[in-house]
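Asker: What would the 3D arrangement of this be:
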Amino acid sequence: MRIWMILWSLLWSCTLPLIVFYLWWRGQKDPKYFIKLAERFGMYQKPLSNTIWIHAVSLGELRSAVPLIQTFLSNGEKVVTTHFTPAGRNEAEKVFAVEIAQGQIQVVWVPFELAFAYRSFFNAFQPKFGLVMEAEIWPRMVFAARAAKKPLFMCNAQYSNDAFMRDNSGLRIRQKVMRKFSGAMVKSNLKADRFKSIGVRNIVVTGELRFDQPVPIAQIEAGLAARQWIGAADRRVITIASAVEHEDEVYIKAIQALNEHHIEQDLKPPLFVYVPRRPERFETVTATLIDAQLDVLTRTNLWTDLDQTQWKDAPDCPNIIVGDSLGEMNFYLSMCDDVIIGGGFNPKGAHNISEALVLGKPVLTGPHVKTIEYPFAEAQNAGVASSVQDAAALAKALIRNQHPSASDIQRFIQEHSNATSRTLAAIPQLLKATRF
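Answerer: The predicted structure is shown next:
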């Protein structure tokens, strides 16, 4: 493993100019990618010390960590969060703006995979322990934590079947890195068995933190009001959440089929709320939908913000509202009757279904659910989520329009909640068992 780590360090040193160029290139569309570049090398201004470290690579991981962070802060702890993408960093700065101003929490970029960058990070923030959210496995991060004698745990951890099978071949480097964590708090018994089979120590099943995320009431109220305002109170509303590249054709075909069905049945046309996964796709998706002869309006043209007192006269209800804003998924979800989760028609896999279920919305997605094995399998067994193979099957499912009851969804959520309290209870146990 030592030889492999030397090679890993050499690879990072040789490719570092390309990585910096990549961040600069991404920064042409989103300037935040390239700001405070020094932090990625372990250099900080006025770092907090004696912290709890939360690594949340992007938006979804940060949101799952919010209840934990709030509890740490309420207990008087100081927290440092690290991120790779602006989406995660922006959300942390937004959610914890007051606490940042009060000096309770600091938000920085995660260091590059360089030994000196992590040494500087640990010297600066002196974390008591670290929690790596979801499935982020970075060798230098893990080995640097051990070298600094800082306990580092996987948190809300998952290990998909595809990743497990892939890692079971070859040199099994990823599995060897996982064994260097001080422990793991995992989503389900199935995940626990997989981690245990590769030699990860100190495993506790804590459930899915995303079911404990606080619901932003202002967004929910704005979404319900927006449905009324746009004239869709008596129409069926369907939100396509986190649509990714190469899926647009699937969704357009399903939209057109459902529109044709409504015309044949003399029904009012449905309203689709179409939310691209990445902001770089907002303009492209809007143009693609217009090219498909659909009547399209965008969120930023309809509402400058979610303050209902600022809304003026509503236009005619369109076929599509494109959700071209960030951090407002609950607004888009609260508007609808059904949710289609993006990514499921792309081999990379479907995205988070928990936000929709927490709001009581039934979920549809495509065939690629490996990324959400938990909780999708359990939700499917409970009848509150389902997957379909292609555009034709998606259209048929939408036309069939069969829903689980609200009580079924509520029962499922209740059975899978309270991961925050279980995680907090597990941490002292895992710290006690930590050995270097």
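
Asker: Need phi/psi at Glu99.
Answerer: phi -70, psi -30 (degrees, to the nearest 10).

Asker: got a list of what it touches?
Answerer: Leu73, Ile105 (Cβ atoms under 8 Å, 6 or more residues apart in numbering). Every residue, glycine included, has its C-beta placed from N, CA and C.

Asker: if I look at it, how far off is Asn401?
Answerer: From Glu99 over to Asn401 the distance is 44 Å, taken as Cβ to Cβ, to the nearest Å.

Asker: Ile321 in helix, strand or coil?
Answerer: Here Ile321 is recorded as strand under DSSP: H, G, I helix; E, B strand; the rest coil.

Asker: Pull the number of nearby residues for it.
Answerer: Under the neighbour criterion other Cβ atoms under 10 Å, Ile321 is assigned a count of 26.

Asker: For this structure, which segments count as strands?
Answerer: With strands called from DSSP state E, the chain shows them at 51-55, 78-83, 105-109, 130-133, 152-157, 183-186, 203-205, 237-243, 271-276, 296-298, 320-322, 338-341, 363-365, 385-387.

Asker: Just give the closest residue to the residue most central in space within the chain, not the sequence neighbours.
Answerer: With distances taken as Cα atoms, centre = their mean, the chain has Gly60 as the residue nearest its mean C-alpha position (2.0 Å). Excluding its sequence neighbours, the residue lying closest to Gly60 (Cβ to Cβ, 6 or more residues apart in numbering) is Asn352, at 5.4 Å.

Asker: likewise Ser188?
Answerer: In this structure, Ser188 finds its nearest non-sequential neighbour in Tyr374, 4.7 Å apart by Cβ to Cβ, 6+ apart.

Asker: What are the phi and psi values at the closest residue to Thr423 other than its chain neighbours?
Answerer: Nearest residue to Thr423, sequence neighbours excluded (Cβ to Cβ, 6+ apart): Thr206, at 4.6 Å. Main-chain torsions, Thr206, degrees, to the nearest 10: phi -120, psi -10.

Asker: so what pLDDT did Asp337 get?
Answerer: For Asp337, the pLDDT comes out at 97.

Asker: Oops, could you answer that again for Gly103 instead?
Answerer: For Gly103, pLDDT reads 96.

Asker: cool, the one 5 residues further on as well?
Answerer: pLDDT for Val108: 97.

Asker: Also Gln158?
Answerer: pLDDT, read off for Gln158, is 88.

Asker: Kindly report the same for the one 5 residues further on.
Answerer: For Ala163, the pLDDT comes out at 86.

Asker: what's near enough to touch the residue lying closest to it once chain neighbours are set aside?
Answerer: Nearest non-adjacent residue to Ala163, counting by Cβ to Cβ, 6+ apart: Ala135, 7.6 Å away. Taking Cβ under 8 Å, 6+ apart, we find Ala135 in contact with Ala157, Gln158, Tyr159, Ser160, Ala163.

Asker: Does the third one touch Ser197 like I think?
Answerer: This means Tyr159. No: contact criterion Cβ atoms under 8 Å: Tyr159 and Ser197 do not qualify, at 9.6 Å.

Asker: higher neighbour count, those two?
Answerer: Tyr159 (28 against 12).

Asker: tell me the contacts of that one?
Answerer: Contacts of Tyr159 (Cβ under 8 Å, 6+ apart): Ala135, Val186, Lys191, Arg194, Phe195.

Asker: give me the number of residues near the third one?
Answerer: Same thing as Lys191. Using other Cβ under 10 Å: Lys191 sits among 22 other residues.

Asker: From what I see, it and Pro375 are in contact.
Answerer: No: between Lys191 and Pro375 there is no contact under Cβ under 8 Å: 11.1 Å.

Asker: Just give me the longest helix of this protein.
Answerer: helix 2-27 (DSSP state H).

Asker: How about Leu326, nearest residue that isn't a chain neighbour?
Answerer: Pro279 (6.1 Å).

Asker: contacting residues around that neighbour?
Answerer: Here Pro279 is in contact with Lys29, Asp30, Asp324, Leu326 (criterion: Cβ under 8 Å, 6+ apart).

Asker: I'd say Ser387 and Leu364 touch.
Answerer: Yes: the pair Ser387 and Leu364 passes the contact test of Cβ under 8 Å, sitting 7.4 Å apart.

Asker: What are the buried residues along stretch 353-373?
Answerer: Buried residues in stretch 353-373, counted by 16 or more other Cβ atoms under 10 Å: 353-366, 368-369, 371-373.
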